[in-house]
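1. here are the coordinates; sequence isn't available:
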Ligand SMILES: Nc1ncnc2c1ncn2[C@@H]1O[C@H](COP(=O)(O)OP(=O)(O)OP(=O)(O)O)[C@@H](O)[C@H]1O
Ligand SMILES: Nc1ncnc2c1ncn2[C@@H]1O[C@H](COP(=O)(O)OP(=O)(O)OP(=O)(O)O)[C@@H](O)[C@H]1O
Ligand SMILES: [Mg+2]
Ligand SMILES: [Mg+2]
């Protein structure tokens, strides 16, 4: 019985549509759970400046506030370990997702970001067997996810040596930054057949390329509604083909349910894996229809889903 | 002094020189094939830095400690609200622009109210304000991305005679700024205030009024830049201004405006904005990793200021 | 020749130029032990520059410096200090953010080590007591909290203080400019005592009677050259003025008492104590000991009469600063811009500055008030202190404001210029302008139609007409002190 | 004679009062914080901020501003979590080199008459780049002694409080009492007169920047001791935080008016303000905005107390 338990969400950033969708999903699902009396509280907290030190302070405050579990999307996989350890020592359950932490006492709901990067190149190899030049758009330098996805992409290029990465820019997962960076490097690049991305930056790349007279390469998308919509337009107009892949923001609700299960006394493995959400040419329309305007393609989880994920991991 | 020497005495020449060298090195990679593309891209993206940079320059001219950190949040709020209001309708373009200008007004008003009424140093006042504005942006649309009206999207992304339209807008704003600074009483006033506030007061300058107008001007330019940027990049995002915090300050100081206030300079903003865009493009083009790229950017900024600043010290 | 051998400092043929300006053009000068040398000259004559040469702050482009008969090739600030050269600079040069004790630490480089605070406090307090008995300045106070007169007192005491190396030559560059008569008296007395014990002093002042009564020998400079050098007895006031190259004008006379009480009231203010009122065309003096609320009244009048938010077409008051570094000059600007800033309203149309009219007006005033510069487009800091002050005067007079507030504006202005300015003030007053004039100099106060005397922040006495004289003013200044 | 508060004492009284008020509010909202463990949790992350604030304050004392503080502390954190643990000798050398670089910056800024803001802005890219090169992805581990130092449980008062007091004390002795401190503040107050007294401005500025570098290095080390590992972006917010801390503590941008004890109090206040907010439970939309509001309130408080104090003084 967890009806007296209090859960907190520690979030480090709210400044993009993915995080907004994540917070919305959290609010929706936990709101119902609180109303149904499953848990006593599920309060979300967001830091102002997207900094590990600020989030560490936030977690320490949660310890003082007496939460029973902390669901955590971390600014850094390691820099919060000190605070997380303190939470564990205070008897608090810590479940990290998306931005996971390496501290052994915490649970991790991870996406295999490396595989995500590799699969992008694999997809391209099927569409363009002859291979060609690729442009890579990376995220924020020095951040774990950026490093992982990029490593996966380079692994993929090794696996399919017909591809060659001829340019690499940092788009910070923001489409205007990506647009600027791509526009700056594009004039000096040879022909490119594909753009491998990390999510949130595909539309910006498309805008930058559309502004030149180049042929539109295959740009891997990242599940944002604007990206999907652009893809749909291109598909309807000239049969443009690509794929889109990202982690679903609703994973915050899975983390919530996992935390609830742990508080309920369930035996749960420390490392859980969720699949990433991939959209292909044939299910584009369905996904687009389900995606809120300006939002991100999403999946929200129920308690039953969580139990299933936990069972599978055993 | 020969004309050439006199040119080298100008504080803005160094940013232009740096921009030119970087531009040249970049196009040489493709032996000149990328000249047009790179130049157009540089003008386009420099335009946004120029617009916010000019506002920031006016504020910095007001003297030590004056700076507006609310620029990115203002851009975001103006962009998101305007796009939401226009809701892809071409007929709403003007009301959209108006609303973003009003937002700039309100933010500027808030900034100066904090600075004046609560005596909070500008750097902290505008930082606090930016948090509130950012919250307001989140609250109004939660990261919703709405496309700009088609006419506006077309206008911001296309060229006239090979020159990007946004660059033309930025040029017009620069001319206005130059005119204000060099030819009007207002320009004299902000320069005087920047050198010594007590002296300005005793010389009969309406100090508060002038500072207030300057903070308004900066916020309005930021909101106009936000409006244009949102239309240019096909929709507003909650993080769309974040880049322009450092950028707006960097282009002002690299452009040769005195950080201690009292002395501003418009051409330098252009040189520095082009430079800031081109240096990233160059380092990207040469395929350098993020770490090296950052180090090079820093070292180049320092060398530019060494050349420019050292020169000025010698001139005295 | 044995002159040079005994001289504390001997400068030979020093030449210094700043760009096109010849600040020193072959100056030769000696200071003997036990002697006070008076140094006079018009603004920009090069007095402060020769001071910089002597204290090691400036290396002359030509010429040499010798001390005790020994030619010093590597002469610098530290060499000068080691020989006991001390300096009170024309503009105040203490650190306003530090306490008096900490400033003493800065001035005496070798004072370090454990317990320096105690030692520094002792040194400065001893010296303050010696120079300004009854000063009432607590050495732990922050300099920024002191009045300008108190700061000048501290600085003077600092120069005479002894922390290991005894002062042998003290240079005083217009030390009395912010002191009232009684404090100046104390200082001059101390100078005589110092001389009597064998010390040397170089004393620069534009207040000639101070020079005449204190100096043993007087050197007159003009345009970077020494033009006359005689024992003090060899000069009288008239002769000194003549030697400086100013056409000797008659002594400022008391204005003939004019019928003022019928002129319309133009300004009134409820100050502490007696209420303050000014009529059209009056010259009103604010007197009393320095720092007793005169500047505050001027600032209050200015604040009450000028807006901070909206520009005004017709300014009601204008202000001439005395502390020009703090609230006078705009350092980055040219002389012309510094001059025109207060009257831009008249030099513009719809907010647009009319550059030609600005030039014309600038040239006009440059001539009228004789600002010594080849070009009004030079930076204002290239002017000597007195000339900067003239620019500030011109700035205020060029406006149309009917009331001119003056905060001891003649600090560091030479005699010739003063006479010119007095004439301009009288002329403008006759045309109906009102002047409200705070001054630390009795000669200036006596020029006024009416005088308010301040004591501890309040107006205690009002004197008018024939009652405006030294005896009455001094009596009123000390009123209430058990004497 | 009436009792007169020196301007230094006033500079201190106001921040101290606002901290007390805020602390009272936090205790009222969250009584659990009123304990040994609670105080440590509230304040331990303020320790590196306090050190960085002192560093920033020293730079501000000579009329400059350091915009690279955050990037530099991040860089130090990366060095600490990698070299200082795996190869202590090289680690110490690197950190010493970093301090020397700071001192050199002070010299270059003075000699070439450069605006410190621009130079440090450039340096922030350099430090950031070096940090990314060192740790392309977050990682590394805190040396054991650092970890021990930051988690030690002294009797009577928790580590965070003890450390803050020690930092304030040492900084006070260095900046307010020592000759070097007087010299540095003198440069901020009136560089020309310090020069005329025969001091070497180059040397003094090098010392000031070097000292600032030293405190920033300590900040980085302390930070890693708390977080156990580092990443290249870990302390970017320290730039603005440290400036805000100095201002909150009664320091000023120019004129050499600073207060080390105030700066530490300012850093504590900023940290506490964040906690205060999370205890308030504001709607997620407005949580960021509330951080702005609290900054405004704390500073407005400063103004109010300032006014009271002035009235007191005038009486
Ligand atoms: N740093 C400088 N740069 C340019 N010109 C200078 C500089 N210092 C002095 N001068 C010029 O040198 C000349 C001598 O100036 P100085 O200050 O020695 O005059 P002064 O006799 O002290 O005048 P005052 O009575 O006004 O103090 C002046 O014409 C002044 O403008
Ligand atoms: N390095 C400099 N750059 C620009 N102006 C300077 C410089 N040094 C001195 N000046 C200015 O030149 C004028 C004469 O300088 P000087 O050294 O004689 O000062 P001073 O006579 O002691 O002070 P004052 O300015 O009151 O005459 C002063 O106004 C001073 O501010
Ligand atoms: Mg002089
Ligand atoms: Mg002079």
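-> Everything's here; your move. This one's a predicted model, so the numbers in the text were calculated from it and none came from an experiment. Ligands and ions are numbered 1, 2, ... in the order given.
2. Report the contact partners of residue 242.
-> Picking chain A for this. A:218, A:219, A:220, A:221, A:231, A:281 (C-beta atoms under 8 Å, 6 or more residues apart in numbering or on different chains). Heads up, the C-betas are built off the backbone N, CA and C, glycines and all.
3. nope, chain D
-> D:49, D:52, D:53, D:55, D:56, D:57, D:66, D:69, D:70, D:267.
4. Mind doing that once more with 6 Å?
-> Residue D:242 makes contact with D:52, D:53, D:56, D:69 under the criterion C-beta atoms under 6 Å, 6 or more residues apart in numbering or on different chains.
5. before we move on, what about residue D:64?
-> Residue D:64 sits in contact with residue D:116, where contact means C-beta under 6 Å, 6+ apart.
6. Quick check: residue C:227 touching residue C:218?
-> No - Residue C:227 is not in contact with residue C:218 according to C-beta atoms under 6 Å; the separation is 11.4 Å.
7. okay, those two: which has more neighbours?
-> In this view residue C:227 and residue C:218 are compared by other C-beta atoms under 10 Å in any protein chain shown, and residue C:218 has more residues nearby, 25 against 14.
8. Spatially nearest residue to the more buried one (excluding sequence neighbours)?
-> For residue C:218, ignoring the flanking residues on the chain, the nearest one in space by C-beta to C-beta, 6 or more residues apart in numbering or on different chains is residue C:38 at 4.2 Å.
9. The one you found: neighbouring residues, count only.
-> By other C-beta under 10 Å, neighbour count at residue C:38 equals 24.
10. Could you count how many residues lie near residue A:160?
-> Neighbour tally, residue A:160, other C-beta under 10 Å: 17.
11. Please apply the same query to the one 5 residues further on.
-> Residue crowding around residue A:165 was assessed by other C-beta under 10 Å; the count is 18.
12. residues contacting it?
-> Residues near residue A:165 by C-beta under 6 Å, 6+ apart: A:134, A:136.
13. coming back round to it: so the residue nearest to residue C:218 sits against residue C:215, correct?
-> Yes - using C-beta under 6 Å, residue C:38 is in contact with residue C:215, at 3.0 Å.
14. Give the intersection of the neighbour lists for these two.
-> The contact sets of residue C:38 and residue C:215 overlap at residue C:203 (C-beta under 6 Å, 6+ apart).
15. who are the neighbours in contact with the residue in the stretch 201-350 of chain C that chain A sits nearest to?
-> Nearest to chain A in the stretch 201-350 of chain C, going by C-beta to the nearest C-beta, is residue C:309, at a distance of 33.7 Å. By C-beta under 6 Å, 6+ apart, the residues touching residue C:309 are B:206, B:208, B:209.
16. and with 10 Å instead?
-> B:206, B:207, B:208, B:209, B:210, B:211, B:212, B:213 (C-beta atoms under 10 Å, 6 or more residues apart in numbering or on different chains).
17. Residue B:32 and residue D:258, how far apart?
-> 54 Å (C-beta to C-beta, to the nearest Å).
18. Just confirm residue C:93 is within a strand.
-> No - read with DSSP: H, G, I helix; E, B strand; the rest coil, residue C:93 is coil and lies in no strand.
19. Report how many residues lie close to it.
-> 20.
20. Residue A:282 in helix, strand or coil?
-> Note that with three-state DSSP, the state of residue A:282 is coil.
21. Check whether the helix or strand hosting residue B:136 comes near chain A.
-> Using DSSP states H and E, residue B:136 sits in helix B:122-141. Yes - using C-beta under 10 Å from any C-beta of the partner chain, helix B:122-141 comes into contact with chain A via B:130, B:131, B:134, B:135, B:137, B:138, B:141.
22. mind putting the contacts of residue A:242 in CSV, neighbour count, secondary structure and pLDDT included?
-> CSV is the format used below for these (neighbours: other C-beta atoms under 10 Å in any protein chain shown; DSSP: H, G, I helix; E, B strand; the rest coil; pLDDT from 0 to 100):
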residue, neighbour count, secondary structure, pLDDT
A:218, 21, strand, 92
A:219, 29, strand, 92
A:220, 29, coil, 92
A:221, 28, strand, 90
A:231, 24, helix, 91
A:281, 14, coil, 88
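23. List, out of those, those positioned next to chain B.
-> Counting by C-beta under 10 Å from any C-beta, no member of the contacts of residue A:242 is near chain B.
24. helices and strands of chain C: which one has the lowest mean pLDDT?
-> Sorted by mean pLDDT, DSSP states H and E, the helices and strands of chain C end with helix C:2-6, the least confident at a mean of 69.
25. Return the per-residue confidence for residue D:250.
-> If you check residue D:250, the pLDDT there is 83.
26. and if you look at residue C:249?
-> pLDDT, read off for residue C:249, is 50.
27. all helices for the stretch 301-450 of chain C, in order.
-> Counting by DSSP state H, counting those that start in this stretch, one finds helices in the stretch 301-450 of chain C at the ranges C:324-327, C:335-340, C:355-369, C:385-397, C:415-430, C:442-445.
28. Oops, could you answer that again for the stretch 101-250 of chain D instead?
-> Using DSSP H, counting those that start in this stretch, helices in the stretch 101-250 of chain D cover D:116-134, D:144-151, D:159-172, D:179-196, D:201-227, D:238-248.
29. OK, contacts around residue 92?
-> Looking at chain A here, since you left the chain open. A:7-8, A:59, A:62-63, A:66-70, A:84, A:86, A:105-106.
30. ah, no, chain C please
-> Counting by C-beta under 10 Å, 6+ apart, residue C:92 has contacts C:143, C:146, C:148, C:151-152, C:154-155, C:177-178, C:323, C:325-326, D:190, D:193.
31. Could you tell me which of those residues count as buried?
-> C:143, C:146, C:148, C:151, C:152, C:154, C:155, C:177, C:178, C:323, D:190, D:193 (16 or more other C-beta atoms under 10 Å in any protein chain shown).
32. Now pLDDT and distance to chain A too, for those, in a markdown table please.
-> What follows is those, written out as a markdown table (pLDDT from 0 to 100; distance: C-beta to the nearest C-beta, whole Å):
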| residue | pLDDT | distance to chain A |
| --- | --- | --- |
| C:143 | 89 | 40 |
| C:146 | 85 | 43 |
| C:148 | 80 | 46 |
| C:151 | 89 | 44 |
| C:152 | 89 | 49 |
| C:154 | 93 | 46 |
| C:155 | 92 | 47 |
| C:177 | 76 | 52 |
| C:178 | 78 | 50 |
| C:323 | 75 | 43 |
| D:190 | 89 | 37 |
| D:193 | 87 | 41 |
